[in-house]
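K.L.:
just the structure for this:
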Amino acid sequence: MGNTRRVSPAEAKQLLDEGYTYVDVRTEEEFHACHPRGALNVPTALSSPTGTRPNGDFVELMRRLFGEEGKIVLGCATGQRSLRAAGMLEAAGFHQVIDQRAGLEGARNPFGRLEEPGWRAVGLPVASGVDEGCYDAVKRRESQA
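P.N.:
Residues are numbered from 1 along each chain as shown. Coordinates of the predicted model:
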């Protein structure tokens, strides 16, 4: 994780305009509530009746969707889960993974103070509900490829 490139929401948007894909690694429920418009949801954790459990298919699904050379911007709520996900992908051989450091809601310091506004706060486009980027649709698309 020490070498992961981290960018602001505005820089992430510029990368998307240049051909990168935004992958939101939050849970399906969080994604449905609000997400960057056009994002794909590939969660690192799945909800269960007792909380969340790791998504054991995360790395392999990302490999099947993008290959190790895929241009990916990862995001979450505050930048913590996406940074961990970037480390997982880099350790698995991915080469063009970038972390959107402030996530959807903003990066906070250890005391909870907002340090950098997130995607939504800077006015970048968001969507909600089930759409073509939701996890089920992503899995269906991947299985049909």
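
K.L.:
contacts, neighbours, all on C-alpha from now
P.N.:
Fine.

K.L.:
which residue comes closest to Gly118 once chain neighbours are left out?
P.N.:
Nearest residue to Gly118, sequence neighbours excluded (CA to CA, 6 or more residues apart in numbering): Gly106, at 3.7 Å.

K.L.:
report pLDDT for the one you found.
P.N.:
With respect to pLDDT, Gly106 scores 96.

K.L.:
give the contact list for it.
P.N.:
By CA atoms under 8 Å, 6 or more residues apart in numbering, Gly106 lies in contact with 77-79, 114-119, 121.

K.L.:
buried among the residues you listed? Make that a ChimeraX selection.
P.N.:
Buried residues within the contacts of Gly106, by 16 or more other CA atoms under 10 Å, are selected in ChimeraX with:
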select :77,78,79,116,117,118,119
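
K.L.:
quick one: which of the contacts of Gly106 is nearest Thr27?
P.N.:
Closest to Thr27 out of the contacts of Gly106 is Ala77 (10.2 Å), distances taken as CA to CA.

K.L.:
so the closest one: helix, strand or coil?
P.N.:
State at Ala77, reduced to three classes by DSSP: H, G, I helix; E, B strand; the rest coil: coil.
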